[in-house]
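Novice: Output the structure for:
(2 chains)
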Amino acid sequence: MTPASTKPKIPGTVIFDGDQARKGYALNRMCYSFNDAANRAEFVRDEDAYCTRYGLDAPQREAIRQRNVLALIAAGGNAYYLAKFAGIFGLDMQDIGAQQTGLTREQFQAKLLAAAHS
Amino acid sequence: MAKIVGGITTSHVPAIGRAIARNLQGDPYWKPFFDGFPPVRQWLADVKPDVAVVVYNDHGLNFFLDKMPTFAIGAAAEYRNADEGWGIPEVPPFQGDLDLSWHLIESLVDDEFDLTTCQEMKVDHAFTLPMALLWPDQQWPVRTVPVCINTVQAPIPSARRCWKLGEAIGRAVESFGSDERVVIIGTGGLSHQLDGERAGFINKDFDQKFMASLADDPTWATQFSTHELVEKTGTQGIELLMWLTTRAALPGRVRTLHSNYHIPISNTASGLMLFENL
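Specialist: Numbers count the residues shown, from 1 in each chain, chains lettered A, B, ... in the order given. This next block holds a predicted model:
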């Protein structure tokens, strides 16, 4: 265990530490490749082949298949690289936030607005 | 010797780029954010800095997890942005300042900061958007030196360490043998969290305490560990480290000339501050 994993747990939060960086390397490396539009097109053209080329493990492959952000994080995904994966589908941070919190996009936006009056 | 004329700290979320591209500055959602900037632009027009040292965090454009420097500094003649995965419009290239870059490198390493030096460096939205907010015509009137702090992968440098880095940057700039006028720009924050069940977390109370502290009690936030700062400000709220570094680079006492805070832009509590050296 890295020192970070011995620190008090922050609810609803995964710290991207050494443990996560080791677990998620292949997944994050694939997502990093999506900086390049040609690679995004290649992923869309043949998702299976693309994931195989980057050596994703079974949980990572399944989380990509499901477009499930919480599962991607559990599989070692880092928010900044996952944002590039989301970009393929034209999803923004409100879509991602809504999915992770089980809210509709409108409910998630309302939650953000409410923070102004807290 | 070169002179630090002041410091500017601002948020940098990618959605700002989309709002600029779509000319949404006057849109009711965006107006309270963009309306913060004219006084800062006026100050820049009056003060006319020659160089901007831009303290920011890369989000996976220039650096990947294969090599992740804690502190990196640009030493390039020119910096460009590039597609980060969602097709942000490209902006004109930024001119570097090689002499100041290498002076900073010499001075900071001598000051025991073991930097990664980059003769090629792509700059992402955390660098380009604040520049576009400060100079909306994108005819950059300043040369630039990018300073990048790791906030991607823990362990992230402590607030205490970033404060010391900022102090060292301030000493380095003011020992540079030229008559350049330098503005320090720090980008990121304030409270926000993109990932996990706590996505959408914002902490207005902490943000406002932090902003107030920068004027008169600027080391206040250095009492917290990075883990505590993530707990209080969100996984990406830790970007306040760029604000601390910037504030620490300003030698002596400062006056807060302008400040703006607005919730939300995208998932983020946005902040803007302008400090001038007394």
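Novice: where's the most centrally placed residue in chain A, which helix or strand?
Specialist: Centroid-nearest residue in chain A: residue A:82, 3.7 Å away (criterion: C-alpha atoms, centre = their mean). Secondary structure from DSSP states H and E places residue A:82 in helix A:79-88.
Novice: After that helix, which helix or strand is next?
Specialist: Next element after helix A:79-88 (DSSP H and E): helix A:93-101.
Novice: Just the angle for the following helix or strand past that following helix relative to helix A:93-101, thanks.
Specialist: Note on helix A:93-101: by DSSP H and E, the next helix or strand toward the C-terminus is helix A:105-114. Relative orientation of helix A:105-114 versus helix A:93-101 (axes from the mean of the first three to the mean of the last three C-alpha atoms, to 10 degrees): 100 degrees.
Novice: how about low-confidence regions in chain A?
Specialist: A:1-5 (pLDDT under 70).
Novice: Apply 90 and report the result again.
Specialist: Residue ranges of chain A with pLDDT under 90: A:1-7, A:90-93, A:117-118.
Novice: my guess is residue B:221 meets residue B:158, correct?
Specialist: No: using C-beta atoms under 8 Å as the test, residue B:221 is too far from residue B:158 to be in contact (10.4 Å). Where you see a C-beta, it was placed from the backbone N, CA and C, and this is true even at glycine.
Novice: Give me the angle between the helix holding residue A:82 and helix A:93-101.
Specialist: Using the same axes, to 10 degrees: helix A:79-88 against helix A:93-101 is 110 degrees.
Novice: and helix A:79-88, anywhere near chain B?
Specialist: Yes: contact of helix A:79-88 with chain B (C-beta under 8 Å from any C-beta of the partner chain) involves A:79-85, A:87-88.
Novice: for that helix, packing partners?
Specialist: helix A:25-33, helix A:37-45, helix A:69-74, helix A:93-101 (3 or more C-beta pairs under 8 Å, 6 or more residues apart in numbering or on different chains; DSSP states H and E).
Novice: repeat that with 10 Å
Specialist: helix A:25-33, helix A:37-45, helix A:58-66, helix A:69-74, helix A:93-101 (3 or more C-beta pairs under 10 Å, 6 or more residues apart in numbering or on different chains; DSSP states H and E).
Novice: Let me have the ones you listed in CSV, adding mean neighbour count as columns.
Specialist: Formatted as CSV, the helices and strands packed on helix A:79-88 follow (neighbours: other C-beta atoms under 10 Å in any protein chain shown):
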stretch, mean neighbour count
helix A:25-33, 23
helix A:37-45, 14
helix A:58-66, 17
helix A:69-74, 22
helix A:93-101, 21
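Novice: could you dump those to TSV with distance to chain B?
Specialist: Output for the helices and strands packed on helix A:79-88, formatted as TSV (distance: least, C-beta to the nearest C-beta, whole Å):
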stretch	distance to chain B
helix A:25-33	5
helix A:37-45	6
helix A:58-66	13
helix A:69-74	6
helix A:93-101	4
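Novice: near chain A, which residues of the stretch 1-150 of chain B?
Specialist: B:13-15, B:18, B:29, B:32, B:57-61, B:63-66, B:68, B:82-88, B:122, B:124 (C-beta under 10 Å from any C-beta of the partner chain).
Novice: picking up where we left off before, would you mind giving the helices and strands packed on helix A:79-88 as CSV with distance to residue B:137 added?
Specialist: Converted to CSV, those look like this (distance: least, C-beta to C-beta, whole Å):
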stretch, distance to residue B:137
helix A:25-33, 33
helix A:37-45, 27
helix A:58-66, 41
helix A:69-74, 38
helix A:93-101, 28
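Novice: Mind checking if stretch B:174-188 is in reach of chain A?
Specialist: No: interface with chain A: stretch B:174-188 contributes nothing (C-beta under 10 Å from any C-beta), its closest point being 12.4 Å away.
Novice: where do the helices sit along the stretch 1-150 of chain B?
Specialist: Assignment of helices within the stretch 1-150 of chain B using DSSP state H, counting those that start in this stretch yields the ranges B:14-21, B:31-34, B:38-47, B:98-110, B:125-134.
Novice: Could you look over those and pick the most buried one?
Specialist: Counting by mean count of other C-beta atoms under 10 Å in any protein chain shown, helix B:125-134 has the highest mean neighbour count of the helices of the stretch 1-150 of chain B, with a mean of 24.
Novice: quick one on the thing from earlier: mark which of the residues of the stretch 1-150 of chain B next to chain A are buried, thanks.
Specialist: Those of those that meet the buried threshold are B:13-15, B:18, B:57-61, B:63-65, B:83-86, B:88, B:122, B:124, by 16 or more other C-beta atoms under 10 Å in any protein chain shown.
Novice: circling back to that earlier point, any chance of the helices of the stretch 1-150 of chain B in TSV, with mean pLDDT and distance to residue A:61 too?
Specialist: Formatted as TSV, the helices of the stretch 1-150 of chain B follow (pLDDT from 0 to 100; distance: least, C-beta to C-beta, whole Å):
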stretch	mean pLDDT	distance to residue A:61
helix B:14-21	92	27
helix B:31-34	97	39
helix B:38-47	98	47
helix B:98-110	98	43
helix B:125-134	97	29
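Novice: and residue B:265, which of those helices is closest to it?
Specialist: Nearest to residue B:265 among the helices of the stretch 1-150 of chain B is helix B:31-34; the distance by C-beta to C-beta comes to 5.1 Å.
Novice: Using PDB, write out every CA atom in that closest one.
Specialist: Presented in PDB, the C-alpha positions along helix B:31-34 are these (Å, rounded to 0.1, in the frame of the first residue of the first chain):
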ATOM      1  CA  LYS B  31     -21.800  36.800 -17.800                       C
ATOM      2  CA  PRO B  32     -21.000  36.800 -14.000                       C
ATOM      3  CA  PHE B  33     -17.800  35.000 -14.800                       C
ATOM      4  CA  PHE B  34     -16.600  37.000 -17.800                       C
END
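Novice: And the pLDDT at residue B:88?
Specialist: pLDDT, residue B:88: 68.
Novice: For residue A:79, which non-adjacent residue is spatially closest?
Specialist: residue B:195 (3.9 Å; C-beta to C-beta, 6 or more residues apart in numbering or on different chains).
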